[in-house]
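**Student:** okay, sequence plus prediction incoming.
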Amino acid sequence: MRLTCTVNGSAQQVDDVWEGESLLYVLRERMGLPGSKNACEQGECGSCTVYLDGVPVCSCLVAAGQAEGRAIGTVEGMGSEETLHPVQQAFLDAGAVQCGFCTPGLLVATDDLVTRSLAAGAPPADAEIREALAGNLCRCTGYEKILDAVKLAAQRMAAPTTGAPR
Amino acid sequence: MSAPARTPAGAPGSLTGPGSSGGVGTDAARPDGTLKVRGEFAYGSDLWMEDMLWGTTLRSPHPYARIRSIDVGPALAVPGVRAVLTSDDVPGAKVYGLELADQPVLAVDVVRYQGEPVALVAADHPETARLAAARIVVDYEVWEPVTDARTALGHPRWNQVHDGTAQVTELSRESAHLHPEGNLVRHLKVRRGDPAPTADVVVVGEYEVGMQDQAFLGPESGLAVPAEDGGVELYVATQWLHVDQRQICAALGLAPEQVRLTLAGVGGAFGGREDLSMHVHACLLALRTGRPVKMSYNREESFFGHVHRHPATMRYEHGATRDGDLVYVRAAIYFDGGAYASSTPAVVGNGGTMGIGPYVVPNVHVDCFGAYTNNPPCGAMRGFGSVQTAFAYESQMDALAAELGMDPVELRCRNAMEQGSEAITGQVVDSPAPVVELLRRLEAMPLPEPAPDDLRHRPGGVSNTTHGEGVRRGVGYAVAYKNVGFSEGFDDYSTARVRLEVVGGEPTVTVHTAAAEVGQGLVTVEQQIARTELGVDRVVVAPKDTAVGSAGSTSASRQTYVTGGAVKAACEAVRARVLERAAGVTGRPAAQLRLFDGAVVGEGLELPLAEVLGDDAVEETLEWRHRPTEAIDPETGQGFAHVQYAFSAHRAVVDVDTELGLIKVVEMACTQDVGKAINPQAVVGQIQGGTAQGLGLAVMEEILIRDGRVQNPSFTDYLIPTILDMPPMRIEILEYADPHAPYGLRGVGEAPNISSGPAVLAAIRAATGLPLTRVPVRPEHITGV
């Protein structure tokens, strides 16, 4: 089948997609966007988290055809070569990246959490961060520095003059 | 199903980092950090080439069976399939292995565990390959599996898992002999002091540790590319390129120069990538088809595609005086090695030689066994033979303290090893061993407040299973030690090539080693050491490959020590040559000159490196070894077995819902002596991550096996800690230099993985009053239903 959608703001069209392929597979193997990761491919680890019409989803659980005509955002769409997104920068500064395989999914999930929290008027509290990121497995860090990174990102995004521009 | 088409993504290139800087002792930034947060870091599973095929593995559904026949015809008939291979297609050695060559590349006549590779398929699309593999017809004569280590050792004649002698490889780290007539892989004995001691107070306990999985997130994966010289290039996520190369060459019947390996991005390892997985398979398919072949396991296959932590059953007897001085320890430790040896001999080595913990005991009698069974093969995992025994010996220390009416920390401190003590191997501990200080510092830390009135802080969390009734708090302590580096006489070395030159007017160092970066941050450490030794900010880390000599394994907490030592030594050799040149230019003796901030400096002198080097590059390549260890005596276990010990201690605070058996770990505190923190932020990261894996084994992580079959090969059913399961941590790092090690450093990665779980178990026991002799602790162990 043919799949047409928008990825990180650019129109994409791919042909000969087998109906059994996931959105994750199409992103990684047909669109040259391997940033979203394939750790479990059954919706348990969150490493494939992308935005689908602004909502974070496990792209391994989305059939490619379900993405038809929709807008997808992946880690490759965050920040730029010159200026990292504040969530990306916070993960580096806090030491929250070791092997980095969980990182792309966590960056999307964190961006969603912090953006929603700040829109509601306050940075996320620890307990809220833990609930929000409970679907993103990390095997290296023990999560302490991830928690630090989320709080750092929230602080910088609340006061954008002190952080990198979004 | 058509072949995907997209822009190629190559293997990782050189790393410099975003203008990062910082020498030894700083929180220097990772050179791969920006790539990782941009989604541009090329992990093994991200590799892609025009025209590549996808490989897949057909695995045995049976734990033990004879193969009567294999019919690959139906698979070959599937459109899009390019090759189907069996053991007949393996041109070289049919078996491989880290320490004993006993594991078939593809099953030969017999399968010995569920998931053993039987055949390979290469096809245009991964789903085509999987469908075709399912059409291969294998006729099995199913045998009854041997599934218990003690049973396997007790009746070696009627249930023999192997009927031939395995060849001992050059990589063997142990001195004991294999017993090919039975299921014994290794029996290690420690005999010390009085063989029949008596004591005022005796405690006996039997303990069991379940099978833990490394559960690295990045799947086993790589890309094999056939080369014009008849050889192959393999890009692969692994822990030790050269030991892979040696085994691949043997299986393919090719010379080392024909099998060239480059490290692909590694999504965590934790020991699970020491053994080969898809390496030979992808090379076989690439050489057969003449096309690049990618293999990447899904999570279920990953559970079958790598070795696990050995499950253990252990019986301990501790004798002490009424005052609490340890008189003797007797221990029998059984490791279930599964179907193939992997690193079982070395795991037995660790389990036995450090099996009573960091304590001084005059009389010791330890028997440590590794056995073949038809369970999944077990081998390396972080903590390597020491994790299992720590659960037993620390539980024994708590039981003994209770019997004596003593405080458990007091009892540990009273018997703690210190510098100058003799380990049970007779080896004198010849560097700081601050066991007492680690424990006392933990004791001095404030305890967390009672849980707030918020269900998110209770056992069960937002499942809303309790309002606090039945919830009890417990506090537990544990201390552990572990060897750093390869032991028992193994020639443990690393190779580093360091080049200093001026590039575009800027002094630049290139560090080239084959040491696997698996997430821990070795690439950062390599840069930091070069900056400190050569006074140059810009350090390029060359791709990790077999174009340079072996670095040894990224295992045993050894790379910062051994490859760090090699990089330091190579830098020193480069520096000596540069300063000699500068001496020639300036007329000053080299001994009065040093390198600082891109220049040669001396009294009243600052000469930019560009003026000293011009267009020349100064390059040195050398091998570096830590001081040698020696084989232990096969009858007594005595000898200088280990080059260095790492020490850590944990305090765990838990809340337990005693009615439902649910556990909430409230806080973990850790103290660790790291000798010298080369990168403090990364050291803390290792302690936090190691703590999480130890906690996981204590309360949730276990591969469940029934009749040799894995029951839970998924992240749905094999649980690892989430951010909800991990509590805040307090960490104090001690830096008592080891005079034998570069910068005085100690290996960091494994010790906190060892002391964490036993502290959690002790805290659960304190909360419940139950003996709890098995990990992971399950709700039914607490509720008794």
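**Tutor:** On my side now, so go ahead.
**Student:** tell me the residue in chain B that is farthest from the middle.
**Tutor:** Relative to the centre of chain B, and counting by Cα atoms, centre = their mean, the farthest-placed residue is residue B:587 at 50.7 Å.
**Student:** and it, how close does it get to chain A?
**Tutor:** 46 Å (Cβ to the nearest Cβ, to the nearest Å). C-beta: built from backbone N, CA, C; applies to glycine.
**Student:** what's the pLDDT at that residue?
**Tutor:** Listed pLDDT for residue B:587 reads 95.
**Student:** check the one 3 residues further on too.
**Tutor:** Residue B:590 carries a pLDDT score of 97 in this model.
**Student:** how about the residues of the stretch 451-600 of chain B by chain A?
**Tutor:** Remark: the part of the stretch 451-600 of chain B in contact with chain A comprises B:454, B:456, B:457, B:462, B:518, B:519, B:520, B:521, using Cβ under 8 Å from any Cβ of the partner chain.
**Student:** what about burial for those residues, which qualify?
**Tutor:** Neighbour counting by 16 or more other Cβ atoms under 10 Å in any protein chain shown classes B:456, B:457, B:518, B:519, B:520, B:521 among these as buried.
**Student:** now the fifth one: how far from residue B:268?
**Tutor:** So the one you mean is residue B:520. To residue B:268, residue B:520 is 9 Å away according to Cβ to Cβ, to the nearest Å.
**Student:** intersection of neighbour lists for those two?
**Tutor:** Among the neighbours of residue B:520, those also in contact with residue B:268 (Cβ atoms under 8 Å, 6 or more residues apart in numbering or on different chains) are residue A:98.
**Student:** low-confidence regions, chain A specifically.
**Tutor:** A:160-166 (pLDDT under 70).
**Student:** repeat that for chain B.
**Tutor:** Flagging of chain B using pLDDT under 70 yields the residue ranges B:1-12, B:17-20, B:155-158, B:170-181.
**Student:** longest helix of it?
**Tutor:** Secondary structure of chain B per DSSP state H: the longest helix is helix B:559-586.
**Student:** next SSE downstream of that one?
**Tutor:** Heading C-terminal from helix B:559-586, the first helix or strand you meet, by DSSP states H and E, is strand B:594-596.
**Student:** ok, residues contacting that next one?
**Tutor:** By Cβ under 8 Å, 6+ apart, the surrounding residues in contact with strand B:594-596 are B:533, B:534, B:535, B:536, B:575, B:578, B:579, B:600, B:601, B:602, B:609.
**Student:** in it, which residues are buried?
**Tutor:** Here strand B:594-596 shows residue B:595 as buried, counting by 16+ other Cβ under 10 Å.
**Student:** and the following helix or strand past that strand, what does it pack onto?
**Tutor:** Scanning forward in sequence from strand B:594-596 by DSSP H and E, the next helix or strand is strand B:599-602. If contacts are counted by 3 or more Cβ pairs under 8 Å, 6 or more residues apart in numbering or on different chains; DSSP states H and E, strand B:599-602 sits against helix B:559-586, strand B:594-596, strand B:605-608, helix B:609-613.
**Student:** using CSV, write out every CA atom in the last one.
**Tutor:** This means helix B:609-613. Provided in CSV are the C-alpha atoms of helix B:609-613 (Å, rounded to 0.1, in the frame of the first residue of the first chain):
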residue,chain,number,x,y,z
LEU,B,609,52.8,22.5,19.8
ALA,B,610,52.4,23.7,16.2
GLU,B,611,55.9,25.0,16.4
VAL,B,612,57.3,21.8,17.9
LEU,B,613,55.4,19.3,15.6
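**Student:** what's the first helix or strand after it?
**Tutor:** Downstream of helix B:609-613, the first helix or strand assigned by DSSP H and E is strand B:618-625.
**Student:** each with direction, which strands does that next one pair with?
**Tutor:** Taking DSSP bridges as the criterion, strand B:618-625 pairs within the sheet with strand B:493-503 (antiparallel).
**Student:** so what's the closest residue to chain A within the stretch 201-350 of chain B up against?
**Tutor:** Nearest residue of the stretch 201-350 of chain B to chain A (Cβ to the nearest Cβ) works out as residue B:267 at 3.4 Å. Going by Cβ under 8 Å, 6+ apart, residue B:267 touches A:37, A:39, A:99-101, B:43-45, B:216-219, B:237, B:519.
**Student:** for the stretch 51-200 of chain B, what spans make up the strands?
**Tutor:** With DSSP state E, counting those that start in this stretch, the ranges of strands along the stretch 51-200 of chain B come out as B:53-59, B:65-71, B:81-85, B:95-96, B:100-101, B:103-104, B:110-111, B:117-123, B:137-142, B:167-168, B:184-192.
**Student:** ok, which of these comes nearest chain A?
**Tutor:** Across the strands of the stretch 51-200 of chain B, chain A has its closest neighbour in strand B:53-59 (9.4 Å, Cβ to the nearest Cβ).
**Student:** how about the strands in chain A?
**Tutor:** For chain A, the strands defined by DSSP state E occupy A:3-7, A:10-14, A:49-52, A:55-58, A:71-73.
**Student:** residue B:248 reaches residue B:278, doesn't it?
**Tutor:** No - using Cβ atoms under 8 Å, residue B:248 makes no contact with residue B:278, being 11.0 Å away.
**Student:** centroid residue for the chain?
**Tutor:** Answering for chain A, as no chain was given. For chain A, the residue nearest the mean C-alpha position is residue A:108 (2.2 Å; Cα atoms, centre = their mean).
**Student:** ah, I was thinking of chain B
**Tutor:** Central residue of chain B (Cα atoms, centre = their mean): residue B:271, at 3.0 Å.
**Student:** and what about that residue, helix, strand or coil?
**Tutor:** The local conformation at residue B:271, judged by DSSP: H, G, I helix; E, B strand; the rest coil, is coil.
**Student:** how does the chain divide into domains?
**Tutor:** You didn't pick a chain, so chain A it is. A:3-74, A:86-161 (automatic domain parsing).
**Student:** that was the other one, I meant chain B.
**Tutor:** B:46-145+B:222-266+B:273-296, B:308-487+B:631-783, B:493-625.
**Student:** OK, contacts around the residue of chain B found nearest chain A?
**Tutor:** Using Cβ to the nearest Cβ, the single residue of chain B nearest to chain A is residue B:39, 2.1 Å away. Going by Cβ under 8 Å, 6+ apart, residue B:39 touches A:33, A:34, A:35, A:36, A:74, A:75, A:76, A:104.
**Student:** quick one: closest of the helices and strands packed on strand B:599-602 to residue B:645.
**Tutor:** Proximity to residue B:645 (Cβ to Cβ) singles out helix B:559-586 among these, at 12.1 Å.
**Student:** and the closest one, what other elements does it pack with?
**Tutor:** Using 3+ Cβ pairs under 8 Å, 6+ apart, the elements in contact with helix B:559-586 are strand B:493-503, helix B:522-534, strand B:594-596, strand B:599-602, strand B:605-608, helix B:609-613, strand B:618-625.
**Student:** which among those is found nearest to residue A:116?
**Tutor:** Checked against Cβ to Cβ, the stretch from these lying closest is helix B:522-534, at 33.6 Å.
**Student:** list the buried residues of that closest one.
**Tutor:** With burial defined by 16+ other Cβ under 10 Å, the residues of helix B:522-534 counted as buried are B:522-534.
**Student:** tell me the residues of the stretch 151-300 of chain B that contact chain A?
**Tutor:** Within the stretch 151-300 of chain B, the positions near chain A by Cβ under 8 Å from any Cβ are B:214-219, B:265-270, B:296, B:298-299.
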